[in-house]
Every structure is written in C-alpha cells, then in structure tokens.
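Student: attaching a predicted model along with its sequence, questions to come.
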Amino acid sequence: MLMLATKYLPILAVSLLSLSTSLQAVTVSEKAKKIAQETIIVDSHIDVPYRMHKKWVDVTKATDGGDFDYPRAKTGGLNAPFMSIYIPATYEGEGKDFGVQLAHQLIDSVEAIAYRAGDKFAVAYSTDDVYAQFKQGKISLPMGMENGSPIANSFDNLAMFYKRGIRYVTLSHSLSNHISDSSYDLRRQWKGLSEFGKKLIPEMNKIGMMIDISHVSDDAFYQALELTKAPVIASHSSLRKFTPGFERNMDDEMIKALAKNGGVIQINFGSSFVSAAPREWQDTLKAKYEAENTKRGEEKAKRIEKLYKDNNPYPFASLDTVLDHIDHVKNLVGIDYIGIGSDYDGVGDSLPRDLKDVSYYPQLVQGLINRGYSEKDIKKILSGNFMRVWKKVEQLAQSQK
C-alpha cells in the first residue's frame, strides 16, 4: 500500500469526504422534473462538436459514452445547449491558419445534426429562435466559439462567423492569442487585451456578438468591461473562493464587476472547477510521478501512478459543491447574474455524481429547491438571466444600425 506523507493526509480526508457525500443520491421530486421539462434550459457550453470531430457519433440518437445525446437531453429537459466551436490554442502561430478551417468544419457538424434530425433539433441564431423552437418542441442549437483565434485579426472573419451562427466568442483559451492573454498563460504578453482585442470589443457590440470572458486573464477581463457597452458572459467559469490560486475561475471582485456590467456567470460543473481537492489530488499525483521518473525511470513511475490512483480515488465533487457556488454568487450580488455552463463533453470523467450528463438537470433543480430557491429564481438560473443578456446584446446591435 502506498503511504502518503503527512502533508497529504488532509487531501485524502477531503477526498474521502467528497466521495462519501457523492454517494448520497438525490431524490428528484415531480416538481423538479416539471420545472426542468417546462422551462427553457440554456447550458452555455457543451463540447459536442469537438467530441464528434475526434470520433464521429450520431448524437441524434442514444450514444455510448460522452455526456450529450438527444434521449438524455430530453430526459433532462435541456433545450438550448450552446454548441462549443472549440479551437485548440495550438492552431494560432506562424504558418498556421488560426483554426479557421476547423471552425467551419465544427459549425458544419452542428448544422448536420439539425439537418439529419429536423424534427428534433434546429440551429438557433437569436433569442427569438430559441423561444420559437421551444414552443415547437425542438432542441435549439445556438453556437459559441471557444477561443477567438479564427477571427485571425480580421473584422471580416468576425462578421463571417456571425453569419454562420456564432453568437459568442471566448476571447482566448489556454494560451495567449492575438486578442487576449489567457489565465493559463504566464507570459502575459499583452498585459490584458492586445491592441486588436481592444478594437474587437466594440466591433462585437456592433454586430451583436456576446463577449465571453471565461479563460482570459484578470487584466483582460477588466479591460473588456471598460470597453464594452453590452453585458458580457462567463460561459463556463466557477468561483476562485472555492479554488484558491486557480485564476481560470473568478474572484469576488470580478463577480461584483460582472454584476455591475449586467452580465452573467455560467457555473462550470467540472470537479476541479468547483473544488480544490481534485487539483490537489492531481498535483500530488504529478509530483510523485515526476519524482519516481527522475529516480527510477518511466516504468517505475507508471507503477507508482497506478498505485496512487488505486489507493486514492479521484475526489469527485458533489452536487452540493456546485450549489455552493450558486449560493455564493446569489449572496454576493443577487440572483440575476447566475446561469449554467456545465462544460459537458469538455471536462472528461471529472463530473459530480449527480451531474454526470445532460439528463441530470432535474437533480440540479431539486438541489436548488432543497436550498429554498423559488421557482421564479430557479428559472432565472436555468435560462432567464442568460437570455436577458443575449437579448440586450441583440438590442444594442440593432440600435447601432
């Protein structure tokens, strides 16, 4: 048995507590199921297109693996999932096409879903489309671009992708790009937004493209707020209060600034986004692997890695952990600035027990009911707040024509 150093015992204790909590399944009431089925549910970040790009699968039917398909979406009541047009950061650089071709291919894949199953799905280009398609019993497929690399220093490209259905752009991803510094990239080459990025913000306002500040550095976040005339979104972020040192999440001052802007934070469900324990678990595993690899080589290091995993199960977060994030935003700035950005199909096997795929939204609703949220407030979280922001972005663009 692998013995842990004393300093790692608190991590193990947190892991076991999290595992114990997650084993307590949520009992979903008829009220929760009814709310989920009768309310528009906007999930602002689901990575289906890139999942299909890596290995094609027909999500208009039940699928093996993954977090999204039509039957599970219907079970969960999901009817407006933003399809993430995810472009890896490595597509930007000298001699590369900035991911323009990949972006078009992923948009094509979303259009193909609606084409193959027009009775089930429809691409949504506006808030009006979402409302109309909801009445028709169809699942709307609006799109957001995760990583603005395919803008490729061109307002013409921005306009082209808008015409193709992109309705928000995440300014950067895991590395700094030609628009913005990334929260993950220590270089901070722009100290926030680039000169092009600063010009891009008002142009996005002008055409009706939502500005997504998930992934960007803190400086880029505040600069974007100074420049925009429209509310912004954090399409799939959680709170730094619960994950100290994880800049990818937002701290309390940023949440207050976002609320002042009228924007909305869409809570990410990934365990490492909502709890410190998984990141500590991963850091411990990495340290042990690297130390063993240096001393005795890769084969021995892999054995140590396996032994560690066998004796220290991954500390999955619980539904309650996610609800803690929602509670904190509500207590800090009010109910009007919270939504859902699960990151389904984007965070791998790191989802909380009672939020494992798109069939689990009733569990989330039940958790909110159990914590005393009114039906009116639950509906704001499920879609009302996000739709308000999207509508204001549309109206601002219309007023500038």
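Tutor: On my side now, so go ahead. Not measured: the values here are computed from a predicted model.

Student: quick check: phi and psi on the closest residue to residue 129 other than its chain neighbours?
Tutor: For residue 129, ignoring the flanking residues on the chain, the nearest one in space by C-beta to C-beta, 6 or more residues apart in numbering is residue 140 at 6.4 Å. All C-beta atoms are positioned from the backbone trio N, CA, C, and that covers glycine. As for residue 140, its main-chain torsions (degrees, to the nearest 10) stand at phi -70, psi 150.

Student: residues in contact with residue 140?
Tutor: For residue 140, the contacting residues are 79, 80, 81, 121, 122, 123, 124, 129, 130, 133, 134, by C-beta atoms under 8 Å, 6 or more residues apart in numbering.

Student: for the third one, grab phi and psi.
Tutor: Yep, that's residue 81 we're talking about. phi -80, psi 120.

Student: stretch 226-235: which residues count as buried?
Tutor: 227, 228, 230, 231, 232, 233, 234, 235 (16 or more other C-beta atoms under 10 Å).

Student: now swap in stretch 91-99 and tell me
Tutor: Buried residues in stretch 91-99 (16+ other C-beta under 10 Å): 91, 92, 98, 99.

Student: pretty sure the third one contacts residue 92?
Tutor: Which is residue 98. Yes: contact status for residue 98 versus residue 92: in contact at 5.3 Å, counting by C-beta atoms under 8 Å.

Student: give me the common contacts of these two.
Tutor: 149, 178.

Student: beta partners of the residue nearest to residue 129?
Tutor: residue 122 (DSSP bridges).

Student: which pLDDT does the model give it?
Tutor: pLDDT for residue 140: 98.

Student: likewise residue 94?
Tutor: pLDDT at residue 94 comes out at 83.

Student: okay, and it sits in which element?
Tutor: When elements are defined using DSSP states H and E, residue 94 is found to belong to no helix and no strand.

Student: distance of it relative to residue 187?
Tutor: 16 Å (C-beta to C-beta, to the nearest Å).

Student: buried sites along the helix ranked longest in the chain?
Tutor: The residue-count maximum for a helix in the chain (DSSP state H) belongs to helix 276-296. Using 16+ other C-beta under 10 Å as the burial criterion, the residues of helix 276-296 that qualify are 276, 277, 278, 279, 280, 281, 284, 285, 288, 289, 292, 293.

Student: so how far is it from its chain's centroid?
Tutor: 26 Å (C-alpha atoms, centre = their mean, to the nearest Å).

Student: with stretch 226-243 instead?
Tutor: With C-alpha atoms, centre = their mean, you get 11 Å for stretch 226-243.

Student: ends of it, how far apart?
Tutor: Start-to-end span of stretch 226-243 (C-alpha to C-alpha, to the nearest Å) is 26 Å.

Student: what does the pLDDT read for the residue nearest the centre of the chain?
Tutor: Closest to where the C-alpha atoms of the chain average out (C-alpha atoms, centre = their mean) is residue 236, at 2.7 Å. What the model reports for residue 236 is a pLDDT of 98.

Student: that one falls within a strand, correct?
Tutor: Yes: counting by DSSP: H, G, I helix; E, B strand; the rest coil, residue 236 falls inside a strand.

Student: flag the shaky bits of the chain, pLDDT-wise.
Tutor: 1-24 (pLDDT under 70).

Student: which residues of it fall in strands?
Tutor: Here the chain has its strands, by DSSP state E, at 42-46, 80-86, 121-123, 139-141, 143-146, 166-170, 210-212, 233-237, 264-267, 338-340.

Student: chain center to the first one: distance?
Tutor: In other words, strand 42-46. Worked out by C-alpha atoms, centre = their mean, strand 42-46 lies 7 Å from the chain centre.

Student: can I get the CA coordinates of that strand in PDB?
Tutor: Taking Å, rounded to 0.1, in the frame of the first residue of the first chain, the C-alpha atoms of strand 42-46 are listed here in PDB:
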ATOM      1  CA  VAL A  42     -29.800  27.200 -21.500                       C
ATOM      2  CA  ASP A  43     -26.400  25.500 -21.000                       C
ATOM      3  CA  SER A  44     -23.900  27.900 -22.400                       C
ATOM      4  CA  HIS A  45     -21.100  25.500 -23.000                       C
ATOM      5  CA  ILE A  46     -21.200  21.900 -24.300                       C
END
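
Student: list the contacts of that strand.
Tutor: So strand 42-46 is contacted by 67-68, 78, 80-84, 130, 144, 146, 168, 214, 233, 235-236, 266, 268, 339-346, 358, 382-383, 386-387 (C-beta under 8 Å, 6+ apart).

Student: taking these, please make a ChimeraX selection of just the buried ones.
Tutor: For the buried members of the contacts of strand 42-46, the matching ChimeraX selection, counting by 16+ other C-beta under 10 Å, is:
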select :67,68,78,80,81,82,83,84,130,144,146,168,214,233,235,236,266,268,339,340,341,342,343,344,345,346,358,382,383,386,387
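
Student: wait, residue 305 touches residue 287, no?
Tutor: No: using C-beta under 8 Å, residue 305 makes no contact with residue 287, being 11.1 Å away.

Student: can you name the residues that contact the residue nearest to the centre of the chain?
Tutor: Counting by C-beta under 8 Å, 6+ apart, residue 236 has contacts 44, 45, 214, 266, 268, 341, 342, 343, 346.

Student: could you pull out the helices for the stretch 51-200 of the chain?
Tutor: Along the stretch 51-200 of the chain, counting by DSSP state H, counting those that start in this stretch, helices occupy 70-76, 100-116, 127-135, 155-163, 195-207.
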